[in-house]
Each structure stands twice: as structure tokens, then as C-alpha cells.
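# Provided below for reference: sequence and predicted model.
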Amino acid sequence: MIYLTNVIQIQKLTKTYGSFTVFSDLDFSIKTNSSTAIIGPNGCGKTTLLKSILGLTKTNYGTISLFDRPIIINGSINSKLLVQSRKKIGFVPDNVVFFEHLTAFEYLKLIRVMTHENNDKNDNQIINTVLKEFRLDRWSNRLIHTFSTGTRQKLAVAASLIHAPELLILDEPFRGIDPEIHFKLLHFLKEFKTSGLPNLGIEKHGSIFICSHVLGDIEQLCDALILMNEYGEIVLSGDTKTVKEQLLGDKSFEELLYQLLREENEEEENDQLGDE
């Protein structure tokens, strides 16, 4: 049996738009059966990074490996390996685009049939279970274009789990959802990482790479953190406990991260003044 070391490995990854550098020379890995958060201010390149990993936006240099296989090398995509890898990934993007004239049930059915390798007679049962768990059962036969923002977000999260993925890549998954589903989703993610979600058809535990500003949830959920500054640079990474211990004082998790980012920016500004 082959045991995977990393579900994601990034090496020297660089992304630019013309003369503007989004991020440069990023190096990190996401271990199998772990939960890692990427945190940073708006505009630092987090969403672009997640899309790059899935081949949804092109990078300039560096390597992206998924499930220990190089998928993208210096902007060149191995399409066959990328398609195979995507079937193992559940993705919640920052802005979900739905097939608006499908019902919730039809949409989940489509996602499952397209991505789940073992379609069987239990598909409809699993879809109905997912709809019920996310309080979407009453919307099962309603067209998606009639849904509220929060209901659409719940459907997006449900769709990320419907095909029994091995890896979840989540961009602000808690955005706009009600407190009950927020709590349930956090519970689902913990269970997904530690034991799987058998009632949703996920028999094996998986890995999570998440971008979120809900830092209290991140502290509960994540084993490791990657902290980026506004220039798209990784300023600190490591296990969650170690990151907290990097700064002294009895402060909340949010205060620790804010202080680290602020100090990093102040150091860069002072260096620039010194150069002048």
C-alpha cells in the first residue's frame, strides 16, 4: 500500500499580472489527513492561490503537486492528471456559479455523477441525506435562481461534499450561512478530517485547505497555519500552537495574528525609509 505524504505541495510558485506580482516563490505543503488554514489581509492573493492549485488560473513559475503528483510545472498543466485529481477534491470558491435553472437535488445529482467514480443505487439516498443535513430538503425541488445568498452558500458547501472527496479546498465557506449550519459545518469539517462522514457517503478521513476570516473557527479546526502579508509573502507557517507561541502575551488568537501582520508591515516600511 502506498501512503501519500502530501495532498498539496507548492514549490517556488509565482503569479503575476503584467508587472504586478500577486505572490512570488511560495513554498509550502499540506500533509495528508491534516487541516491547514491560509490567513492574510484582503488582496494578498489567497483566492488566486486556491484557484491556481485547481488549474483555474494560470501561474508563471513553480510547481503544484496534488496527491504527490506534479500537476502544474511553470504554467504547463498536465490536463489528464488535473482532471483525475479534481475528482478527489471538493471545492467551495469565493464566488459560486450555479446552473440556475436546476433544482437543488438536480444540481447535487449532476455534481455527484460527474465526479464520483462509484455511482450506485444509493446516490439518491446520499443526496437526500446531504440536503437534509444542510437544511436544504425543503428547497430540494426549487430552482436555484430563487435561492437567497445564504441558501446558495449552503448548497455550494453541500456540493463540495457530495462526491466523497479526499481533499476539501474551501474559500470562505462560512460566509453568509446561518448560525445553526455554521456550527454543523464546523462539526462536519472536524469529522471529515478525523474519521470521515459515513452518513454522507464519505468512508475515509480526508484533508482540508481553508481560507477564512473566522479565526475562532480556524483555531478549533486547523492543525497548521500559513500566514501571508499584503504583498503575498508567507511571513509565518507552522502548527497552530507554535504560531500562537511566536508572540508573547496573553492575547486572543485574532490579536496575535493582527500583531504579527502589523509588525511585518512596519518593518518593511522602516526598511524602505532607511533606503531613502
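Received it, and whenever you're ready, just let me know what you need. Quick caveat: nothing in here was measured; it's all calculated off a predicted structure.
# Every contact and neighbour count from this point should use C-alpha atoms.
Will do.
# all strands of the stretch 101-250 of the chain, in order?
167-171, 207-211, 224-228, 234-239 (DSSP state E, counting those that start in this stretch).
# right, and these - which one's nearest I39?
Across these, I39 has its closest neighbour in strand 224-228 (4.9 Å, Cα to Cα).
# and the angle from that closest one to strand 207-211?
For strand 224-228 against strand 207-211, the angle by axes from the mean of the first three to the mean of the last three Cα atoms, to 10 degrees is 30 degrees.
# Please point out which parts of strand 224-228 sit buried.
Of the residues in strand 224-228, A224, L225, I226, L227, M228 count as buried by neighbour count, 16 or more other Cα atoms under 10 Å.
# how about low-confidence regions in the stretch 151-276 of the chain?
246-276 (pLDDT under 70).
# Max pairwise distance over the buried residues of strand 224-228: which two?
Farthest pair in the buried residues of strand 224-228, by Cα to Cα: A224 and M228, 13.5 Å.
# And for F99, the neighbour number?
F99 has 12 neighbouring residues, counting by other Cα atoms under 10 Å.
# That one belongs to a strand?
No. Counting by DSSP: H, G, I helix; E, B strand; the rest coil, F99 falls outside a strand, being coil.
# residues in contact with it?
By Cα atoms under 8 Å, 6 or more residues apart in numbering, the contact list for F99 reads Y107, I144.
# how far away is it from E203?
Separation of F99 from E203 (Cα to Cα, to the nearest Å) stands at 29 Å.
# do F28 as well
28 Å.
# just the helices in the stretch 151-276 of the chain please.
179-194, 215-221, 240-245, 253-275 (DSSP state H, counting those that start in this stretch).
# what does the stretch 1-150 of the chain give?
So, for the stretch 1-150 of the chain - with DSSP H, counting those that start in this stretch - the helices run 46-53, 79-86, 104-115, 123-133, 149-161.
# residues in contact with the first one?
Spelled out, it's helix 46-53. Contacts for helix 46-53 (Cα under 8 Å, 6+ apart): I38, I39, G40, T57, K58, T59, I64, D94, I169, D171, C211, G232.
# Next, format those residues as TSV and append distance to L110 and neighbour count.
What follows is the contacts of helix 46-53, written out as TSV (distance: Cα to Cα, whole Å; neighbours: other Cα atoms under 10 Å):
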residue	distance to L110	neighbour count
I38	30	23
I39	32	22
G40	34	25
T57	24	13
K58	27	20
T59	29	26
I64	28	27
D94	21	16
I169	20	23
D171	22	23
C211	26	23
G232	36	23
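# Closest to G150 out of those?
D94 (13.3 Å).
# residue contacts, that closest one?
Residues near D94 by Cα under 8 Å, 6+ apart: T47, D171, E172.
# Also D68?
Contacts of D68 by Cα under 8 Å, 6+ apart are L4, T5, N6, V7, I8, Q9.
# so the third one bridges to which residues?
When bridges are taken as DSSP bridges, the partners of N6 come out as K31.
# wait, isn't it in contact with I30?
Yes. Between N6 and I30 there is a contact at 5.5 Å, judged by Cα atoms under 8 Å.
# who's more crowded, those two?
Between N6 and I30, counting by other Cα under 10 Å, I30 is the more crowded of the two (21 against 18).
# Please report how far the residue lying closest to the more buried one once chain neighbours are set aside lies from N33.
In this structure, I30 finds its nearest non-sequential neighbour in I8, 5.0 Å apart by Cα to Cα, 6 or more residues apart in numbering. Distance of I8 to N33, given as Cα to Cα: 11 Å.
# likewise R69?
R69 sits 17 Å away from N33, taking Cα to Cα as the criterion.
# between these two, who's got more neighbours?
For R69 versus N33, the count of surrounding residues by other Cα under 10 Å is larger for N33: 22 against 16.
# list the contacts for that one?
Going by Cα under 8 Å, 6+ apart, N33 touches K193, T194, H205, G206, S207, I208.
# most neighbours, which of the residues you listed?
I208 (28 neighbours).
# Please report how far N6 lies from K31.
The separation that N6 has from K31, given Cα to Cα, amounts to 4 Å.
# And for L200?
Counting by Cα to Cα, the gap from L200 to K31 is 24 Å.
# again, but for Q84
Separation of Q84 from K31 (Cα to Cα): 19 Å.
# before we move on, what about L167?
L167 is 11 Å from K31, by Cα to Cα.
# Which one of the two is surrounded by more residues?
Neighbour count, other Cα under 10 Å: between L167 and K31, L167 has more, with 30 against 19.
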